[in-house]
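> Build me a model:
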Amino acid sequence: MASLRVMLVAGARPNFMKVAPIWYAIQKRGGISVILVHTGQHYDPNMSDVFFAELGLPQPDEFLGVGSGTHAEQTARVMLAFEPVLEKYKPDVVVVVGDVNSTLACALVAVKRGVKVAHVEAGLRSGDRTMPEEINRIATDAISDYLFTPSRDADANLLGEGIPAERIFFVGNVMVDTLLAHREKAIQHSSILQQLDLGERQYAVITLHRPSNVDSEEALHRMVEVILAVQKRLPVVLPLHPRTRSRLGDRVKVLAEEGVILLEPLGYLDFLRLMCSARVVLTDSGGIQEETTMLGVPCLTMRENTERPVTLTQGTNHLVGASPEHIITSLEKDVLSKEEHRQYTLPEGWDGHAAERIVDTLIALWSCKY
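Numbering: from 1, shown residues only. The predicted structure follows:
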């Protein structure tokens, strides 16, 4: 039987934690060759290079270097750059992860060239089509051949959209694979708490990057109000996404003057260490909702919806919207008034073996061809 050729595609910071365990699982198995492609959607070294190094990934076989731009520009540049790479390597299956523009762009190119597409983290839905990521998720799932889901609600979403059951494979959460593989290393080797003079459970971590929270003056005003209100209760650590720093402008100085600890984007190990010991994390990120649940750390998600409802029903996540009043009320009621967070259970498949199940399934599907 011919060797299975898998092309793994990563484009942005959240993708790297999903690609890494799949790459490692492939290395453990015989009869598979892997091509690693980095589209360069996140091109800042702090958003990209440091993650490859800390996760132990090799330099990508191909770096497309597409950079920033509007959603249309970025998607188009990825498609144009990816097509000759696909022709060069002729993989049997292209594995795309998550919901960034690179995910949809590479899936489109592959399926139009007759190459099988596997989507990891398929089936997640927020129900909010104003989010670009939601469009990417829906479109990628519609054209993919194999849909690897992280939770049972994702299976139900896909079935409800008419996806045949034989294309859906529940495998669990690959981000959890990466977290479990690196948690102890982060605790033992990261010195970020000492550098910032932070004590265990004595601070809050805040991350912001969604357009709904940073792209308008009104939204920015609300978020600055939230940050300053939290700062009055707990020291705030705020790693600034490049887009967020740009949008904040002179407000960065105001935050610094009020004592907010402003940081450049952190590497994976330092950020994981910060989350491990935080009293609470406030975020509009998808992946952080999952990571905080795995760590048992309270999370306040500053959005009106989430594509990860399992973190609300089984995890440590609270959906608090974007109203400063609601956010601070939840902080007081659900976090600061309690010694420990509510009892919770980990969702099914959050066991550190999701990537192995993905690779096993790909091999089984490939074997059926021969």
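
> Using CSV, write out every CA atom in whatever helix or strand Asp177 lives in.
Counting by DSSP states H and E, the element that carries Asp177 is helix 174-189. The C-alpha coordinates for helix 174-189 follow below in CSV (Å, rounded to 0.1, in the frame of the first residue of the first chain):
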residue,chain,number,x,y,z
VAL,A,174,-6.7,18.6,20.3
MET,A,175,-5.9,21.9,22.1
VAL,A,176,-6.2,19.9,25.3
ASP,A,177,-3.6,17.5,24.0
THR,A,178,-1.1,20.4,23.8
LEU,A,179,-2.1,21.8,27.1
LEU,A,180,-1.6,18.5,29.0
ALA,A,181,1.7,17.9,27.2
HIS,A,182,3.1,21.3,28.3
ARG,A,183,1.4,22.3,31.5
GLU,A,184,4.1,20.9,33.9
LYS,A,185,6.8,22.4,31.7
ALA,A,186,5.2,25.8,31.9
ILE,A,187,4.8,25.6,35.7
GLN,A,188,8.4,24.5,36.2
HIS,A,189,10.3,26.6,33.7
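
> And Glu356, how far from Val171?
From Glu356 across to Val171, the span is 9 Å (Cβ to Cβ, to the nearest Å). Glycine gets a C-beta too; all of them are placed from N, C-alpha and C.

> repeat for Lys18
In this structure, Lys18 and Val171 are 12 Å apart, going by Cβ to Cβ.

> neighbour-wise, which of the two wins?
A count of neighbours by other Cβ atoms under 10 Å puts Lys18 above the other of Lys18 and Val171, at 25 against 22.

> Assign a three-state SS to that one, would you?
Under DSSP: H, G, I helix; E, B strand; the rest coil, Lys18 falls in the helix class.

> Which residues are in contact with the residue nearest to it when sequence neighbours are not counted?
Distance criterion Cβ to Cβ, 6 or more residues apart in numbering; nearest residue to Lys18, sequence neighbours excluded, is Val97 at 4.0 Å. By Cβ atoms under 8 Å, 6 or more residues apart in numbering, the residues touching Val97 are Val9, Ala10, Asn15, Lys18, Val19, Ile22, Thr103, His119, Val120, Glu121, Val174.

> Which of the residues you listed ranks first by neighbour count?
Ranking the contacts of Val97 using other Cβ under 10 Å puts Ala10 first, with 34 neighbours.

> Which residue ranges of the stretch 51-200 of the chain form strands?
Counting by DSSP state E, counting those that start in this stretch, the stretch 51-200 of the chain has strands at residues 62-63, 93-97, 116-120, 146-149, 168-170.

> Show me what the shortest one is packed against.
Using 3 or more Cβ pairs under 8 Å, 6 or more residues apart in numbering; DSSP states H and E, the elements in contact with strand 62-63 are strand 32-38.

> If I take the strand it packs on and strand 93-97, what angle do their directions form?
Angle of strand 32-38 versus strand 93-97, following axes from the mean of the first three to the mean of the last three Cα atoms, to 10 degrees, is 50 degrees.

> Given strand 32-38, what are its sheet partners and their directions?
According to DSSP bridges, strand 32-38 forms sheet pairs with strand 4-10 (parallel), strand 62-63 (parallel).

> Under the pLDDT cut-off, which ranges of the chain? List them.
1-2, 41-48, 340-342, 369-370 (pLDDT under 70).

> What distance do you get for the residue nearest to Lys18 to Gly287?
The spacing between Val97 and Gly287, counted by Cβ to Cβ, is 11 Å.
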